[in-house]
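**Q** A predicted structure for the sequence below; I have some questions about it.
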Amino acid sequence: MTESSTTGQSGVRVRFAPSPTGYLHVGGGRTALFNWLYARKERGVMVLRIEDTDAERNKPELVEGIVEALKWLGLAWDEGPFYQSQRTALYQEAGKNLLANGSAFLCHCPPEKYVGGDHAVEGAGPTQVRRIVRCSCRDGKPSTPGTKPALRFKVPLGGITKFKDAVFGEREFANDDIEDFVLLRSGKEGEEFGQAMYQMSVVVDDVDMRITHVIRGADHISNTPKQVLLYRAMGAQEPIFAHVPLILGADKSRLSKRHGATDVNMYRREGFLPEAFRNFLALLGWAPGGDEEFLRTNDLLGKFSLEGVSRTNSVFDRAKLEWFNTQYLQKLSIEELLPAVKEQLKQDKLWKEEWASGAGHEWFSKTVDMLRSRVRLLPDFSSWSRAFFSDEFEIDAAAKAKFWKDERVPGLLEKLADALATLPEWNHDACDHASRKVAEEGGVKAGLLINATRVAIVGQAVAPPLFDTMVVLGQERVVRRLRAVLPGFKKS
RNA sequence: GGCGCUAUGGUGCAACGGUUAGCACGUAGCCCUUUCAAGGCUAAAAUACGGGUUCGAUUCCCGUUAGCGCUACCA
């Protein structure tokens, strides 16, 4: 009945089902991650399904961004993407079956477009009850005869609906609290029904795609009994559910744009390493049990379990995300890190092909290694440490103010340039001795010269230890940069 | 308003009836030092409140409060 047929070794099948009404939200990213981890760990299958049944809100072009973000996170799916907008026949058919077996009914009530939340009434007084749980049409009395009907589910009168949730445990809801929800929208001219509603398309697809574990945001927990009822009405076995808590902003309200970036792709553009981001996300609402923080893919796969997922919403802490990034920047093997740095430099037009192999690669590797513990985000390589990769860089004004204020600086730098220019060997100790000698002869502390020199050769107050920097830059370049700076002093 | 979920330092997680309530981020201080990171050490900082159950509650139960979710012909 469908194109999905792959079976994992274990029979476990999960799905990630974003709706293309926006980009991939970090909460969605984490849901995708948990699905992926579970599928991989259980040797199952993950399917990607695009839930685009609302033609008015969906923007097809957004799918691309979602896919891009998933790929960046390294979350490869096995089947799909499937588009619900292309599967309407399935929903229509399921709807007719439900109508035929008495589980659904035709509703002629006029659509009540949602006006937007609980905030309607200002000041005192209880907000008014917004809906009638049981539709009067369910007894066969259309309220507005002659209009195109929608198809609603006939929720049982009385009784409770239970389901098993791998993270929240056994849950039960009273059927009398569940409204007769819409399955199929009313049709336009010439159609019997319109597009399927969420509850309908999700269940039909999850059944059709033989999903065994539904791992999704906890905002769906209240929808679950409706879906369970649907599974049963369709004669299908419901899957195991696993609701994962929501991600909040610093003020504990649901994470949204006013809290900062919520688009996974924004973090990619900012220069976070995907593994760092993934590690951070994994630890939001889940912990392996011990005290570990630093978890690479294999650790994650080895330790992940649905039961370990927390029931509490968690706050997205950017400071910790950044910490993870600095950790990965340092702890990744240099060969793992290099491609990301190369990509960044390329993007900023600083990359030189000569660094791709041989001695050039060795130099590049050594330089990045020296810089990495001081870098927070990838773009720092081309901004803060630009002088290591290019001769075109600015001298930072604050650095000048801090380390060039002593009037002896120009004289010292000139002498140093001369001394360095004649060094027969160019290495750490040679630079060290020559510099200290110049400082001594000039009657100043070595630190004064060292700091002033750093500003001259890399343009920043902050950089790796000076003599290491000199070695990496090379004799010719160091001397040239020192001399280039001298005229500036005479003018001012 | 109704229904539901949740509640450990500022933040993320541990402790799943008995610990001086642990780890990490962040914060502060110290060490290291050639700037800045990194690294090392130290410190401040929590069981929301009130009732039970129990020899003993962070842990189990009830209530309160707070936050969040659902309550749409959105997903």
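**A** Happy to help now that I have it.

**Q** Around RNA strand B, which positions in the stretch 201-350 of chain A sit nearby?
**A** Proximity of the stretch 201-350 of chain A to RNA strand B (CB under 7 Å from any atom of the strand) is limited to residues A:218-223, A:245-246, A:248, A:250, A:252-254, A:283-287, A:289-291, A:293, A:308, A:310-315, A:317, A:319-320, A:322-323, A:326-327, A:330. (Glycine included, C-beta is placed from N, CA and C.)

**Q** Which members of these are positioned in strands?
**A** Counting by DSSP state E, the part of these found in strands is A:248, A:314-315.

**Q** in the stretch 351-492 of chain A, which spans are helices?
**A** A:358-371, A:386-389, A:397-403, A:409-421, A:428-442, A:446-458, A:466-473, A:475-491 (DSSP state H, counting those that start in this stretch).

**Q** quick one: average confidence on stretch A:261-272?
**A** When pLDDT is averaged along stretch A:261-272, the result is 95.

**Q** related to what we said a few turns ago, dump the helices of the stretch 351-492 of chain A into JSON lines; add distance to A:V203 as well.
**A** Formatted as JSON lines, those follow (distance: least, CB to CB, whole Å):
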{"stretch": "helix A:358-371", "distance to A:V203": "51"}
{"stretch": "helix A:386-389", "distance to A:V203": "55"}
{"stretch": "helix A:397-403", "distance to A:V203": "61"}
{"stretch": "helix A:409-421", "distance to A:V203": "74"}
{"stretch": "helix A:428-442", "distance to A:V203": "68"}
{"stretch": "helix A:446-458", "distance to A:V203": "61"}
{"stretch": "helix A:466-473", "distance to A:V203": "61"}
{"stretch": "helix A:475-491", "distance to A:V203": "66"}
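
**Q** can those helices go into a markdown table with extra columns for distance to RNA strand B?
**A** Output for those, formatted as a markdown table (distance: least, CB to the nearest atom of the strand, whole Å):
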| stretch | distance to RNA strand B |
| --- | --- |
| helix A:358-371 | 9 |
| helix A:386-389 | 13 |
| helix A:397-403 | 7 |
| helix A:409-421 | 13 |
| helix A:428-442 | 6 |
| helix A:446-458 | 4 |
| helix A:466-473 | 4 |
| helix A:475-491 | 13 |
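
**Q** Please convert those helices to TSV, extending it with mean neighbour count.
**A** Listed next are those as TSV, based on neighbours: other CB atoms under 10 Å:
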stretch	mean neighbour count
helix A:358-371	16
helix A:386-389	21
helix A:397-403	14
helix A:409-421	19
helix A:428-442	16
helix A:446-458	22
helix A:466-473	20
helix A:475-491	15
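
**Q** Looking at those helices, which is nearest to A:G11?
**A** helix A:358-371 (45.1 Å; CB to CB).

**Q** Run through who's touching the closest one.
**A** Helix A:358-371 is contacted from outside by A:334-335, A:337-338, A:341-342, A:352, A:354-355, A:381, A:385, A:388-389, A:464, A:468-469, A:472, using CB atoms under 8 Å, 6 or more residues apart in numbering.

**Q** if we can go back for a sec, if you rank the ones in strands among the residues of the stretch 201-350 of chain A next to RNA strand B by neighbours, which is first?
**A** Neighbour counts for these, by other CB atoms under 10 Å, peak at A:L248, which reaches 19 neighbours.

**Q** so what's it up against?
**A** Taking CB under 8 Å, 6+ apart, we find A:L248 in contact with A:254-255, A:313-316.
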